[in-house]
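A.B. asks: Dropping the sequence and predicted coords here.
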There are 2 protein chains.
Amino acid sequence: MHSFTEENYLKTIYYLAARQEGEVTTNSLAEMTATKAASVSDMLRKLAEKQLIHYKKYQGVRLTEEGERLALKVIRRHRIWEVFLAEKLGFGWDEVHEMAEELEHIRSEDLVQKLDAFLGYPQFDPHGDPIPSPAGQMPTVEYTKLSEVTIGEEVQVMGVLEHSPEFLQHLDKTGLNLGCRVLVQDVNAFDKSVSVQINHEKTLFVSNEVARNLLVN
Amino acid sequence: MHSFTEENYLKTIYYLAARQEGEVTTNSLAEMTATKAASVSDMLRKLAEKQLIHYKKYQGVRLTEEGERLALKVIRRHRIWEVFLAEKLGFGWDEVHEMAEELEHIRSEDLVQKLDAFLGYPQFDPHGDPIPSPAGQMPTVEYTKLSEVTIGEEVQVMGVLEHSPEFLQHLDKTGLNLGCRVLVQDVNAFDKSVSVQINHEKTLFVSNEVARNLLVN
DNA sequence: AAAAATTTTTAGACTCGTCTAAATTTTTAT
DNA sequence: ATAAAAATTTAGACGAGTCTAAAAATTTTT
Ligand SMILES: [Mn+2]
Ligand SMILES: [Mn+2]
Ligand SMILES: [Mn+2]
Ligand SMILES: [Mn+2]
């Protein structure tokens, strides 16, 4: 079987590949996994030996089919556990990620299958991220950043790009929860901050920094 | 913090101490943890340094107060997760232990607290074992082995001493579930096997081997 | 096209938890 | 009370995963 650590590397490679063009670099992996480049190099050699990644020295890295299958399995487990923690145990969306980081490594096909059923086969996690299918397919979603919505449009908050507890708590505080309706009233030409009306009620200002990390549709 | 491995040693020492008199031996720990005596010796030295056990070379081992507190925390988590797996996800009592062996190491006070609440503060796990309190107290239970019940008495199945899937599946097959009523009709003088009536319905024969591992009252 | 800067890999070391083989201590048997 | 047997500890090694420092390759700058 595969170690905890290997699973984390595969997952991280998947995420970095999804957000960039081309191969994933050693340095970006080191930063993301909070290790040093030397450690990453070592691990890449091992993962390549196990045929989980395509790897040519100095040329960056890409998941093989098998590697991607495994990465998606881990991501599926992570997101299903996040749903459980939020829906059933009442944790906030700012709290679930850390625990899911551990729970995602519990290895039992049966467990994740039964948990999925218990939760009613959810399609999205508490952050609006889609849950990969049992077969290992990542659903495609077409969201826009709030920062790119034109004045006058009304959209719905569907997810976040930034997952830090600080950001999520900030959203909680301002009432920008998943599913809430947002009418874009104005965009400041100078700092690109956005003036929005939420759920046809209160109006508030959203910085461009925040707007760029809010996914809507 | 403490590693998975350390938690497992502490838990194992607790169990062995509960079932024997006096100090726990290196060899019994080696057998229980499926390692070699040499590895156990090494780990005992480390645990003693951390003040989690009382340890004198060649003289066996005993948990300190802090060590017992930690052991009971792990056992509490294990049993609460077993309840979740059985009650909420529908796993059989023969399946839950293995998964709980992994889940018990997820470290979050909050998680086990919320899970406990979600389950309605259960007192016993699916095998009838009592769940230690959040403060780290192991409830005392006074059960008798079915093999020691006198003819004519009616008792209730409250737990098991043997936790192997094979044994539990055997009980499932014969209908000897937790909570069922058992009337002892006869005890065979030769092999100590027991003739019992279950729930005032069917009669069946229980070997002494099985009767010794069934807790009743 | 060289030189400088950056990125990546290699070399060598460390911790954790494990092992086998050998040494030591304790227990049991004679 | 010795000798033999059993239990336990120590010595030395290993794999996984990490680190720092140094070497090598690649990219950027001049
Ligand atoms: Mn997450
Ligand atoms: Mn998420
Ligand atoms: Mn168990
Ligand atoms: Mn149990």
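C.D. replies: Now that the structure is in, tell me what you want to look at. Ligands and ions are numbered 1, 2, ... in the order given.
A.B. asks: pLDDT value on A:F118, please?
C.D. replies: Looking at A:F118, its pLDDT is 98.
A.B. asks: meant to ask about A:E166, not that
C.D. replies: 97.
A.B. asks: what number of residues lie near it?
C.D. replies: Using other Cβ atoms under 10 Å in any protein chain shown, the number of residues around A:E166 comes to 8. Bear in mind the C-beta positions are built from the backbone N, C-alpha and C, glycine included.
A.B. asks: Could you confirm it falls within a helix?
C.D. replies: Yes. Under DSSP: H, G, I helix; E, B strand; the rest coil, A:E166 falls within a helix.
A.B. asks: Tell me the residues of chain A that contact DNA strand C?
C.D. replies: A:25-28, A:37-38, A:40-42, A:44-45, A:55, A:57-60 (Cβ under 7 Å from any atom of the strand).
A.B. asks: These, buried ones only, as a PyMOL selection?
C.D. replies: To isolate the buried ones among the residues of chain A next to DNA strand C in PyMOL, judged by 16 or more other Cβ atoms under 10 Å in any protein chain shown, type:
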select buried, chain A and resi 25+26+28+40+44+55+60
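A.B. asks: ok, which stretches of chain A are helices?
C.D. replies: Assigned by DSSP state H, the helices in chain A fall at A:4-19, A:26-32, A:37-49, A:65-83, A:96-103, A:109-118, A:165-174, A:208-211.
A.B. asks: other SSEs contacting the first one?
C.D. replies: For helix A:4-19, the elements it packs on are helix A:26-32, helix A:37-49, strand A:61-63, helix A:65-83, judged by 3 or more Cβ pairs under 8 Å, 6 or more residues apart in numbering or on different chains; DSSP states H and E.
A.B. asks: now the fourth one
C.D. replies: Here helix A:65-83 touches helix A:4-19, helix A:96-103, helix A:109-118, going by 3+ Cβ pairs under 8 Å, 6+ apart.
A.B. asks: and the second one, C-alpha only, in PDB?
C.D. replies: Coordinates of the C-alpha atoms in helix A:96-103 are reproduced here as PDB (Å, rounded to 0.1, in the frame of the first residue of the first chain):
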ATOM      1  CA  VAL A  96     -13.100  21.100   8.900                       C
ATOM      2  CA  HIS A  97     -10.100  21.100   6.600                       C
ATOM      3  CA  GLU A  98      -7.500  20.400   9.300                       C
ATOM      4  CA  MET A  99      -9.300  17.300  10.600                       C
ATOM      5  CA  ALA A 100     -10.000  16.100   7.100                       C
ATOM      6  CA  GLU A 101      -6.300  16.200   6.500                       C
ATOM      7  CA  GLU A 102      -6.000  13.300   8.900                       C
ATOM      8  CA  LEU A 103      -9.200  11.500   8.200                       C
END
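A.B. asks: so that helix versus helix A:4-19, what angle?
C.D. replies: Computed by axes from the mean of the first three to the mean of the last three Cα atoms, to 10 degrees, the angle separating helix A:96-103 from helix A:4-19 equals 130 degrees.
A.B. asks: okay, the angle between helix A:96-103 and helix A:65-83?
C.D. replies: Using the same axes, to 10 degrees: helix A:96-103 against helix A:65-83 is 130 degrees.
A.B. asks: what does the domain assignment say about chain A?
C.D. replies: Per automatic domain parsing, the structural domains of chain A span A:4-63, A:144-216.
A.B. asks: The nearest residue to A:R76 once chain neighbours are set aside: how many residues sit nearby?
C.D. replies: Nearest non-adjacent residue to A:R76, counting by Cβ to Cβ, 6 or more residues apart in numbering or on different chains: A:P132, 4.3 Å away. Neighbourhood size, A:P132 [other Cβ under 10 Å]: 21.
A.B. asks: so who does A:P132 touch?
C.D. replies: A:L72, A:K73, A:I75, A:R76, A:R79, A:M138, A:P139 (Cβ atoms under 8 Å, 6 or more residues apart in numbering or on different chains).
A.B. asks: ok, 6 Å please
C.D. replies: Taking Cβ atoms under 6 Å, 6 or more residues apart in numbering or on different chains, we find A:P132 in contact with A:L72, A:I75, A:R76, A:M138.
A.B. asks: so what pLDDT did the third one get?
C.D. replies: The model reports A:R76 with a pLDDT of 98.
A.B. asks: Check the spacing between it and chain B real quick.
C.D. replies: 17 Å (Cβ to the nearest Cβ, to the nearest Å).
A.B. asks: how close does that residue sit to ligand 2?
C.D. replies: 11 Å (Cβ to the ion, to the nearest Å).
A.B. asks: Next, count neighbours for A:N188.
C.D. replies: 12.
A.B. asks: What score does it have for pLDDT?
C.D. replies: So, for A:N188, pLDDT stands at 93.
A.B. asks: that older thread, ok, so of the contacts of A:P132, who is nearest chain B?
C.D. replies: Of all the contacts of A:P132, A:R76 has the smallest distance to chain B: 16.5 Å, by Cβ to the nearest Cβ.
A.B. asks: Next one: the residue nearest to A:A48 when sequence neighbours are not counted from A:Y9, what distance?
C.D. replies: Distances taken as Cβ to Cβ, 6+ apart place A:Y55 nearest to A:A48, at 3.9 Å, with adjacent residues excluded. According to Cβ to Cβ, to the nearest Å, A:Y55 stands 12 Å off from A:Y9.
A.B. asks: For stretch A:32-49, what is the distance to the chain centroid?
C.D. replies: 22 Å (Cα atoms, centre = their mean, to the nearest Å).
A.B. asks: got the contact list for A:G60?
C.D. replies: A:E23, A:V24, A:T25.
A.B. asks: Skip the chain neighbours and tell me the closest residue to it.
C.D. replies: A:G60's closest residue in space is A:E23 (Cβ to Cβ, 6+ apart), at 2.8 Å.
A.B. asks: One more: A:P130?
C.D. replies: A:P139 (4.1 Å).
A.B. asks: and the one you found, what pLDDT?
C.D. replies: pLDDT, read off for A:P139, is 96.
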